[in-house]
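# here's my sequence, what's the structure:
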Amino acid sequence: MRQAVLAELMDCIKHRRPALTVSDLATGEARLVRAEDVGREGPLESELRESLRTDKSRTVKTGACEVFINVFNPPLRMVMIGAVHISQALIPLAERAGYDVTVVDPRTAFATPERFAGVKLIAEWPDEVMGKLGLDRRTAVILLTHDPKIDDPALKLALASDAFYIGALGSPRTHAKRIERMQAE
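Residues are numbered from 1 along each chain as shown. Just a heads-up that it's a prediction; the model follows:
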């Protein structure tokens, strides 16, 4: 792979932008295709879209040539709002499933490195940091505190984002109150 192509690819990875490389298997020549440019790829467009969607690299025959499509999607992320016991149990499951986990909770009594060793921990209010996290289509947001002062602002930001999943823990009564608060706004 040429140095310029590699540099572009590394920039995409650094900034969590999906990209693919398309390598001609006969010549070894590779080029970068950014996700936003897939629509300009003519006969390869549907194959590239499918590779991005399924997160699977593969070999494709196009006319007389064979190419290898290598997918470079950002890792899946899970942003947990609340440094609570459920977070401690959910983190190992999320990590085993391949998610990069971030826990956000302004309550420094709960959000401690001792309770969340090895996890990206942000001890700030969700509405102050979620915009900086860049909630994209590869991000899941889970609300776990049961505290409207913490969960509600995070929920509003999550709903306005491209997050592919938003979950909020709570009993039917808690959820009904959450819906009332959201509708009032």
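
# ok, the residue of the chain most remote from its centre to residue 82 distance?
Within the chain, the residue lying farthest from the chain centre (CA atoms, centre = their mean) is residue 64, at 36.7 Å. From residue 64 across to residue 82, the span is 56 Å (CB to CB, to the nearest Å). Placement of C-beta: from N, CA and C, glycine included.

# same question, residue 15
Where residue 82 is concerned, residue 15 sits at a distance of 28 Å (CB to CB).

# which one's more surrounded, these two?
residue 82 (24 against 9; other CB atoms under 10 Å).

# looking at it, the more buried one is touching residue 155, isn't it?
No: if you go by CB atoms under 8 Å, residue 82 and residue 155 don't touch, sitting 12.0 Å apart.

# find the residues that touch each one of those two.
residue 143 (CB atoms under 8 Å, 6 or more residues apart in numbering).

# assign a three-state SS to residue 66, would you?
strand (DSSP: H, G, I helix; E, B strand; the rest coil).

# partner residues bridging it?
Assessed by DSSP bridges, residue 66 has beta-bridge partners residue 61.

# got a list of what it touches?
Per CB under 8 Å, 6+ apart, neighbours of residue 66: 24, 25, 26, 59, 60.

# most neighbours among these, which one?
With neighbours taken as other CB under 10 Å, the top of the contacts of residue 66 is residue 60, carrying 18 neighbours.

# ok, that residue - contacts?
Neighbouring residues of residue 60 by CB under 8 Å, 6+ apart: 44, 47, 66, 67, 68, 69.

# for the contacts of residue 66, work out which two are farthest apart.
26 and 60 (13.4 Å; CB to CB).

# which stretches of this protein form strands?
Under the criterion DSSP state E, the chain carries strands at the ranges 19-24, 30-34, 58-62, 65-72, 77-81, 100-104, 120-122, 139-143, 165-168.
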